[in-house]
Each structure stands twice: as C-alpha cells, then as structure tokens.
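Undergrad: Provide a 3D model corresponding to the input given below.
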Amino acid sequence: MLEAIGLTKKYQEHVALNNLNLKVEAGEVFCLLGQNGAGKTTTINLFLGFTAASSGEAKVNGLVVSPNNEQTKQFLAYIPEVVMLYGHLSSIENLDFFSRIAGYAYKKDELEAFLLQAGLQPEAFYKRVGSYSKGMRQKVGIAIAVAKNARVILMDEPTSGLDPKATDEFSEIVKQLSQDGRSIFMATHDIFNAVNVGTRIGIMRQGELVHTLDAKDISAVDLQKLYLETI
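TA: Just a heads-up that it's a prediction; the model follows:
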C-alpha cells in the first residue's frame, strides 16, 4: 500500500531524507522510530503529497504520489499529533462535515457507529469537540479515516501526551484497524507501544533508515537498547 523507492528530500544543503527504500503491505502496522529531525515527519509529508521529493518515488497503492496527488489521497487518511477539528462543533458534526468533503453522506446512526467503532463514548457524541481531551480528538480522527474508507492511515506521534489508559485504548483500536486490512504508518517516540502494536519497526537516524525489524522478534527492552545505540 505504501512504497518508497530511493526517496530523498533535500532542503538546499540539508538532507532531510536520504534514499529511503520501504514497503508497507495491507494490514501492516509499521512504526518508525527516531529522534526529532530524523526524517519521520518528512517521510509522512512525502506520502501525503504535502512536499515534493528531490529524487526517488513515493507510491500509494502502486500510484506515484506526484503527479497523482488527487488519486492517492483517496486511499489516505492523516492523523497528526494534534487532530485539527472544529471546536465549536460536536464530533457527529465534525464527522459528517469531513465525510461529505470526501464524498460520503451518512445517516446519523451510521455516523454514531463510526464513532463507537473508534472507541468514543456515546455521551460525548453531541458535545462540542473544544471540550475534548487529546485522546478523544484522536478517536474522532480515526472515525473520520474509517468513514472516508481510507486504506492507509498515516499517524504522527499519536500517543504523545496520552495517559496509560488512553494509550492502551488507542493501541487496541490500531490493532482492530490492522485486522480490518488497513495499513498503518506511525511515526513515534513510543518504543513500548511500537512493540505492542507494530508488525514491523524501523529506526531512522539523520534521514536514513538504519534498522528494520519484525516486532515479534524483539522485546521493548532490547528495542530501547538498540534505539539508544543507533541514535
């Protein structure tokens, strides 16, 4: 569903991403670790078409992102560190609005079902999003991704600032999305969550993918040791 082929991004003399080669299959959860500035967010932005590659290709479902931005965006959803929603609207209203932008018109009970699937409590459906916690806003973001039928969900630091209970809830939702066949590409600093939810884990340093490993083959303790040795 996602593929990088020699993907490189330069800003004048600075190399933000250097010759990335990577594949993410359907139903896979790929967790990308690295310090700030390692190239994680740059990678996400290239797949989203927010910035153009200096060389190489970013592909979504076999299509090169540029010049096929409109087609590739149909397969994608993006959940940033802070999900941007209309604070004066309820989650139902936000979900309805963003679904319609993507070309989908749902009935009220269908919108409620998407929010329930994303783990949001029913009593919050009609409250203003401005009163929501970060974890609740993320659940609305996930509901939007599912409602627009995104096959790939790109996430940037999704567990940053979440308490342990919210992190655990988020992890279970990600696992369910994976079981439904959706691909998850997650940039994160959360080593323990990467081992918990990841199918594969990558470690970036200074714009390069240094390690790629199967999550089932490493413990959180060993991954933390490898990560610290790498950076």
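Undergrad: and stretch 52-65, which residues are buried?
TA: A53, G56, A58, K59, V60, N61, L63, V64, V65 (16 or more other CB atoms under 10 Å). For the C-beta atoms, the positions are set from N, CA and C on the backbone; glycine is no exception.
Undergrad: turn these into TSV, including secondary structure, distance to R182 and pLDDT.
TA: Listed next are these as TSV, based on DSSP: H, G, I helix; E, B strand; the rest coil; distance: CB to CB, whole Å; pLDDT from 0 to 100:
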residue	secondary structure	distance to R182	pLDDT
A53	coil	24	96
G56	strand	25	97
A58	strand	19	97
K59	strand	17	97
V60	strand	13	97
N61	coil	12	95
L63	strand	17	96
V64	strand	21	96
V65	coil	19	96
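Undergrad: adding distance to Q71, write those residues out as a markdown table.
TA: Shown next, in a markdown table, are these (distance: CB to CB, whole Å):
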| residue | distance to Q71 |
| --- | --- |
| A53 | 17 |
| G56 | 19 |
| A58 | 13 |
| K59 | 11 |
| V60 | 8 |
| N61 | 9 |
| L63 | 6 |
| V64 | 10 |
| V65 | 9 |
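Undergrad: and of those, the nearest to Y132?
TA: Nearest to Y132, judged by CB to CB, of those is V60 at 29.7 Å.
Undergrad: contact partners for that closest one?
TA: Taking CB atoms under 8 Å, 6 or more residues apart in numbering, we find V60 in contact with M1, L2, F47, T72, F75, L76, V152.
Undergrad: quick check: the gap between the spatially closest residue to R151 that is not a sequence neighbour and D163.
TA: Nearest non-adjacent residue to R151, counting by CB to CB, 6 or more residues apart in numbering: F75, 4.8 Å away. Counting by CB to CB, to the nearest Å, the gap from F75 to D163 is 32 Å.
Undergrad: which residues in this structure form helices?
TA: 40-48, 69-73, 91-101, 108-117, 134-147, 164-179, 191-197, 220-230 (DSSP state H).
Undergrad: return the most buried member of the ones you listed.
TA: For the helices of the chain, average neighbour numbers computed from mean count of other CB atoms under 10 Å are highest in helix 134-147, which has a mean of 24.
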